[in-house]
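Asker: Quick one, structure for this:
(one chain, ligands or ions: 2)
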Amino acid sequence: MEKKIAVIKGDGIGPEIVTEAVKALDAAAEKFGHKFEYTQLLMGGCSIDVNGVPLTEETIAACKASDAVLMGSIGGDTTTSPWYKLPADKRPEAGLLGIRKALGLFANLRPCLLYPQLSEACPLKKEIADKGFDMLIMRELTGGLYFGQRKTETVDGLETAVDTLIYNENEIRRIAIKAFEVARKRRCSVISVDKANVLDSSRLWRKIVNEVSADYPDVELKHMLVDNAAMQLVRDPAQFDVMVTENMFGDILSDEASMITGSIGMLPSASLNETKFGLYEPSGGSAPDIAGQNKANPIAAILSAAMLLRYSFDMTEEADAVENAVRQTLDEGYRTGDIMSEGCTLVSCSEMGTLIAQRV
Ligand code: IPM
Ligand code: MG
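Answerer: Ligands and ions are numbered 1, 2, ... in the order given. Predicted structure coming up:
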């Protein structure tokens with residue numbers, strides 16, 4: 001098959017880890033006889049430096065003209081980088097939110113699983129880690145607090161800021177459907193996370209998720225309050241199969257979930273719309289502190305490339321080959337610094353990428 005892939009390397013460790021993900025894609029293309037054509041695009045801080053804005057119409061159009069988008073990470077050090085002297089809508093993150101919205105990527109899939117090889121790197125108690133876990137966080141990505149109206153103004157002489165958490169029933173319904181659909185391909189269990197004891201938006205969320213669940217009698221549904229979910233993630237992560245939640249809760253809980261896998265450098269993500277099109281990026285950030293040092297863990301980016309093959313190209317065997325190559329490389333004891341443990345071999349970002357590509 002011939003496929004067009006838009007590549008947004010971005011800022012910080014983005015260029016390093018995406019280079020390694022492309023190695024894995026090329027290895028899969030060679031092994032299975034495909035042709036992938038890459039278009040390099042700017043977004044985030046690097047786009048601000050060149051174009052004065054974090055996201056251009058050209059980048060959006062080029063993404064739309066591709067079959068899928070592979071992304072690294074965007075943004076810099078928020079206290080020192082000049083990008084953060086710009087107004088909020090001109091900063092790197094505005095580019096990421098803009099592209100999610102422009103491409104209609106409402107469903108963000110963040111699979112978190114504990115590789116047995118990394119149980120040493122898991123910060124949980126041994127008896128919890130030994131049970132293992134394999135969950136998928138389905139985060140709503142184009143609504144809620146991130147896209148509601150916001151403003152800062154003076155009210156009664158006091159500087160006052162407001163952000164709006166807004167959802168309509170359609171936005172909730174379509175993400176709930178995605179959650180139930182993927183649950184069917186997994187262990188048939190959905191836990192919907194909300195704050196229905198306080199928020200109206202959560203009460204509507206719960207009502208619509210219950211309605212959707214009627215069409216999926218084979219999938220078990222439970223509701224969980226977000227504060228409890230934060231606790232359950234470290235107390236008993238094995239209870240989660242598919243967790244579906246709104247944008248902000250998903251942002252926070254997915255960082256927490258990533259940490260119990262050993263490192264945020266292990267966590268891929270797929271952001272999908274109603275079609276096969278998607279944007280694939282590691283769940284972690286741009287890690288400006290280690291950028292350019294060839295130290296970053298490229299595995300999240302490589303696993304994101306595997307998700308791209310699976311979800312956008314329907315290349316199941318190819319995706320399996322990439323994921324198995326990651327497992328094999330870990331089995332053989334290779335580790336980047338973030339997941340290093342005694343007796344293993346410390347490798348750089350590019351070495352890890354080459355080792356994995358060789359095993360595809
Ligand atoms: C993520 C990131 C982004 C988000 C930031 C960079 C805007 O934290 O993808 O989780 O909050 O969605
Ligand atoms: Mg986040």
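Asker: Tell me the spacing between the residue of the stretch 101-250 of the chain found nearest ligand 1 and residue 41.
Answerer: Of all residues in the stretch 101-250 of the chain, residue 146 sits closest to ligand 1, at 6.9 Å by Cβ to the nearest ligand atom. (Each C-beta comes from the backbone N, C-alpha and C, glycine too.) With distances taken as Cβ to Cβ, to the nearest Å, residue 146 is found 22 Å from residue 41.
Asker: okay but the residue of the stretch 101-250 of the chain closest to ligand 1 is in contact with residue 250, surely?
Answerer: No: applying Cβ atoms under 8 Å, one finds residue 146 not in contact with residue 250, separated by 10.2 Å.
Asker: Those two: which is more packed in?
Answerer: Neighbour tally, residue 146 and residue 250, criterion other Cβ atoms under 10 Å: the higher count belongs to residue 250, 24 against 19.
Asker: Ramachandran angles for that one?
Answerer: Phi and psi for residue 250, reported as degrees, to the nearest 10, are phi -70, psi -40.
Asker: before we move on, what SS does the nearest residue to it once chain neighbours are set aside have?
Answerer: The shortest distance from residue 250 to any non-neighbouring residue, by Cβ to Cβ, 6 or more residues apart in numbering, is to residue 139 (2.7 Å). Classification of residue 139 using DSSP: H, G, I helix; E, B strand; the rest coil returns strand.
Asker: for residue 190, same thing?
Answerer: Quick answer, by three-state DSSP: residue 190 is strand.
Asker: Could you do residue 281 as well?
Answerer: strand.
Asker: can you map out the helices along the stretch 51-200 of the chain?
Answerer: 57-64, 92-102, 126-129, 169-184, 200-213 (DSSP state H, counting those that start in this stretch).
Asker: Which residues are in contact with the residue in the stretch 151-300 of the chain that ligand 1 sits nearest to?
Answerer: The stretch 151-300 of the chain approaches ligand 1 most closely through residue 251 (4.4 Å), counting by Cβ to the nearest ligand atom. For residue 251, the contacting residues are residue 139, by Cβ atoms under 8 Å, 6 or more residues apart in numbering.
Asker: That one is in what secondary structure piece?
Answerer: helix 247-260 (DSSP states H and E).
Asker: Output that helix as CSV, nothing but the C-alphas.
Answerer: Written as CSV, here are the backbone C-alpha positions of helix 247-260 (Å, rounded to 0.1, in the frame of the first residue of the first chain):
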residue,chain,number,x,y,z
ASN,A,247,-11.0,16.5,28.4
MET,A,248,-9.4,17.9,31.6
PHE,A,249,-10.0,14.9,33.8
GLY,A,250,-8.4,12.7,31.0
ASP,A,251,-5.4,15.0,30.7
ILE,A,252,-4.7,14.7,34.4
LEU,A,253,-5.6,11.0,34.9
SER,A,254,-3.5,9.9,31.9
ASP,A,255,-0.4,11.5,33.3
GLU,A,256,-1.0,9.7,36.6
ALA,A,257,-1.7,6.4,34.7
SER,A,258,1.5,6.9,32.7
MET,A,259,3.6,7.2,35.8
ILE,A,260,2.5,3.8,37.1
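Asker: tell me the average confidence for that helix?
Answerer: In this model, helix 247-260 has a mean pLDDT of 94.
Asker: Quickly run through the sheet partners of whichever helix or strand comes after it, with directions.
Answerer: From helix 247-260 onward toward the C-terminus, using DSSP H and E, the following helix or strand is strand 268-272. Applying DSSP bridges, strand 268-272 is found paired with strand 107-113 (antiparallel), strand 278-282 (antiparallel).
Asker: Deepest-packed of those, please.
Answerer: Counting by mean count of other Cβ atoms under 10 Å, strand 278-282 has the highest mean neighbour count of these, with a mean of 28.
Asker: Extract the CA atoms of that one and return them as CSV.
Answerer: These are the backbone C-alpha positions of strand 278-282, laid out as CSV (Å, rounded to 0.1, in the frame of the first residue of the first chain):
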residue,chain,number,x,y,z
GLY,A,278,-5.9,10.3,13.1
LEU,A,279,-3.0,12.1,14.7
TYR,A,280,-0.6,10.0,16.7
GLU,A,281,1.7,11.4,19.4
PRO,A,282,3.3,10.4,22.7
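Asker: next one: that strand to chain centre, how far?
Answerer: Between the centre of strand 278-282 and the centre of its chain there are 7 Å (Cα atoms, centre = their mean, to the nearest Å).
Asker: do the same with stretch 243-262
Answerer: Per Cα atoms, centre = their mean, the centroid offset for stretch 243-262 relative to its chain is 10 Å.
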